[in-house]
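> I'd like to go over a predicted model; first the sequence, then the structure.
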Amino acid sequence: MHSFSSETSAACMSCSYINDVFFFSLLLLIIMPIAIYISAKTIYNKKIFCLIVSTIFMLFTFLNNYSIFEDRVASWSSYSFEDALIATAFQSFLYILAGGVLTFYLYYKFYKTRLHIEL
């Protein structure tokens, strides 16, 4: 989505691309630890835990990319909801897939039984 950084935001004409990305990244930093905590308390299978965490990461990254695309590109043209989803998926597929695989690998490699937090 960096290719759209020079486009004007429809929601905030003076907002920069960095501010948009920072806001959604901050949101992801709040949501991911909650998801990890809940998953660690309920799932004891290493592969399923890593799969759920990486899927949540990919979902929120896609939503971030969709929001940026909708705000900077689709709102200035005649994209339908489905077209915007397809365009976002096409633009960010490799990035999201690589991020999901990397997230899965890192959590799989560093997964410890101490991750199961005691109340």
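Received the coordinates, thanks. Residues are numbered from 1 along each chain as shown.
> need the contact list for Gly100.
Ser54, Thr55, Phe57, Met58 (Cβ atoms under 8 Å, 6 or more residues apart in numbering). (Glycine included, C-beta is placed from N, CA and C.)
> state the distance from the last one to Tyr108.
Going back to what we said before, that points to Met58. In this view, Met58 and Tyr108 are 15 Å apart by Cβ to Cβ, to the nearest Å.
> show me which of those two is the more surrounded one.
Met58 (19 against 15; other Cβ atoms under 10 Å).
> show me where this protein has helices.
17-42, 46-72, 81-110 (DSSP state H).
> excluding its backbone neighbours, what's nearest Ala84?
Ala74 (4.4 Å; Cβ to Cβ, 6 or more residues apart in numbering).
> just for the chain, where's the confidence low?
1-15, 75, 112-119 (pLDDT under 70).
> which non-adjacent residue is nearest Phe104?
Looking at Phe104 with Cβ to Cβ, 6+ apart, the closest residue is Ser54, at 4.0 Å.
> can I assume the one you found is in contact with Leu106?
No. Under the criterion of Cβ atoms under 8 Å, Ser54 is not in contact with Leu106, lying 9.0 Å apart.
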